[in-house]
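Participant: When you get a sec, could you give me coordinates for this:
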Amino acid sequence: MFIKQKLYNLQSRFLYSIYPKIIDKYLQYANYFAIRKLKQAKAKTILVDSTIIHNAITHRTGWVSTGGQMWGEESIDSGRLSRIPIDKKFQQKDWGSIKYLPSIAYLEKNNILILCDSDELKDEQECHPSNRFRPTGWMDYSLFQDVKFKTIKDITYPVVINSWQNINHKNERKNRLEKNQKNNSLYQSLVEILGVKNSQDAWHITVANDNNCYCFLTMDYSLIRSIESQKGHIAIKSLKTKVMTPETFAKTFSLAQLHYKHLSYHDASFFVEPNLSISKSIKKR
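Facilitator: You can find the predicted model right below:
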């Protein structure tokens, strides 16, 4: 019994204290040539789309049952809260990009990349449930939770002091973008090319371009296809900012890939279940 407990303690120490450091070292050495390429290309500032923020959440808090136990004369369901990876097998089309997000996060934390959001992107996210774009559970984990985003300020975006008031964000955004279309020739051209349904993305691209971002990073594949189909248009050819998926960006600069399950023990001081996955059989908390 003593030996078994000793082995358990050693295993826990390795997983919680040592293994995360090994993974960080791997990302450091595996991205050595990528860092050189990024510096040579002066590819530093990136505007990050909401689709990336959503897919960077890789673990949720789940309730793992440990079976029934008697409490007096009653049988109760015992268990524990744990950090559990989200099963992303249903998003195979996204996996090509998700596997490079750990490297992108690592490069930001080491001042190689500057990841940006914007007033309009943050407003866009406010219209969705909070857990769609940020960890909300006690043991949730996002690859970007320690990333310090630089917010690109938009002079056309109003400062709402009383944010508790009943404001229709969608209508406000629609009116704001219509006004921007009249005042910004690049944005006007992009809306004409990409269509009104892509007007928000057209504005994100315009903001990225006006602020000298290397690229607008997105996992909106329909937008990528639209840009690609119109690559010969003068407005698209005039863009200094590229529109890229994490996969395209990673392959351009030889970023290392890593399965997000290897980061299960980062910033963890509680139960972790890397071999399980969030599904209908596990209660989310």
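Participant: How much space separates the spatially closest residue to Ile112 that is not a sequence neighbour from Tyr106?
Facilitator: Once flanking residues are discounted, Ile112 sits nearest to Ile35: 5.5 Å by C-beta to C-beta, 6 or more residues apart in numbering. (Glycine included, C-beta is placed from N, CA and C.) To Tyr106, Ile35 is 10 Å away according to C-beta to C-beta, to the nearest Å.
Participant: per-residue confidence averaged over stretch 123-134?
Facilitator: Summarised as a single mean, pLDDT over stretch 123-134 is 87.
Participant: Show me which positions of that stretch end up buried.
Facilitator: 123-125, 133 (16 or more other C-beta atoms under 10 Å).
Participant: would you list those in a markdown table and tack on distance to Thr45?
Facilitator: Listed next are the buried residues of stretch 123-134 as a markdown table, based on distance: C-beta to C-beta, whole Å:
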| residue | distance to Thr45 |
| --- | --- |
| Asp123 | 21 |
| Glu124 | 20 |
| Gln125 | 20 |
| Phe133 | 21 |
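Participant: Show me which of those is closest to Tyr19.
Facilitator: Nearest to Tyr19 among the buried residues of stretch 123-134 is Phe133, at 27.6 Å by C-beta to C-beta.
Participant: show me the contacts for the closest one.
Facilitator: Listed by C-beta atoms under 8 Å, 6 or more residues apart in numbering, the contact set of Phe133 reads 50, 53-54, 57, 125.
Participant: Give me the subset of these lying in strands.
Facilitator: Ile57 (DSSP state E).
Participant: related to what we said a few turns ago, and Ile35 and Tyr106? which has more neighbours close in?
Facilitator: Tyr106 (23 against 17; other C-beta atoms under 10 Å).
Participant: what's the distance between the host helix or strand of the more buried one and the middle of its chain?
Facilitator: If you go by DSSP states H and E, Tyr106 is part of helix 101-109. Relative to its parent chain, helix 101-109 has a centroid offset of 10 Å by C-alpha atoms, centre = their mean, to the nearest Å.
Participant: What of stretch 28-39?
Facilitator: Centre-to-centre, stretch 28-39 and its host chain are 21 Å apart (C-alpha atoms, centre = their mean).
Participant: in that stretch, what counts as buried?
Facilitator: Buried-residue list, stretch 28-39, by 16+ other C-beta under 10 Å: 30-31, 34-35, 38.
Participant: In CSV, list those along with distance to Ser142 and secondary structure.
Facilitator: Output for these, formatted as CSV (distance: C-beta to C-beta, whole Å; DSSP: H, G, I helix; E, B strand; the rest coil):
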residue, distance to Ser142, secondary structure
Ala30, 21, helix
Asn31, 20, coil
Ala34, 22, helix
Ile35, 23, helix
Leu38, 23, helix
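Participant: Closest to Leu194 out of those?
Facilitator: Within those, the smallest distance to Leu194 is 28.1 Å, found for Leu38 (C-beta to C-beta).
Participant: Tell me the confidence at that closest one?
Facilitator: At Leu38, the model reports a pLDDT of 97.
Participant: show me the contacts for the closest residue to it other than its chain neighbours.
Facilitator: Leaving out its chain neighbours, the residue that sits closest to Leu38 by C-beta to C-beta, 6+ apart is Phe253, at 5.4 Å. Residues in contact with Phe253, defined by C-beta under 8 Å, 6+ apart, are 34, 37-38, 41, 43.
Participant: Among the buried residues of stretch 123-134, which are located in helices?
Facilitator: 123-125 (DSSP state H).
Participant: wait, what's in contact with Asn198?
Facilitator: So Asn198 contacts 191, 223, 226 (C-beta under 8 Å, 6+ apart).
Participant: try it again with 6 Å
Facilitator: Shown in contact with Asn198 (C-beta atoms under 6 Å, 6 or more residues apart in numbering): no residues.
Participant: Surely it is in a helix?
Facilitator: Yes - Asn198 forms part of a helix when assessed by DSSP: H, G, I helix; E, B strand; the rest coil.
Participant: residues contacting the closest residue to Leu121 other than its chain neighbours?
Facilitator: Leaving aside its sequence neighbours, Leu121 sits nearest to Ser50 (C-beta to C-beta, 6+ apart; 5.9 Å). In this structure, Ser50 makes contact with 121, 124-125, judged by C-beta under 6 Å, 6+ apart.
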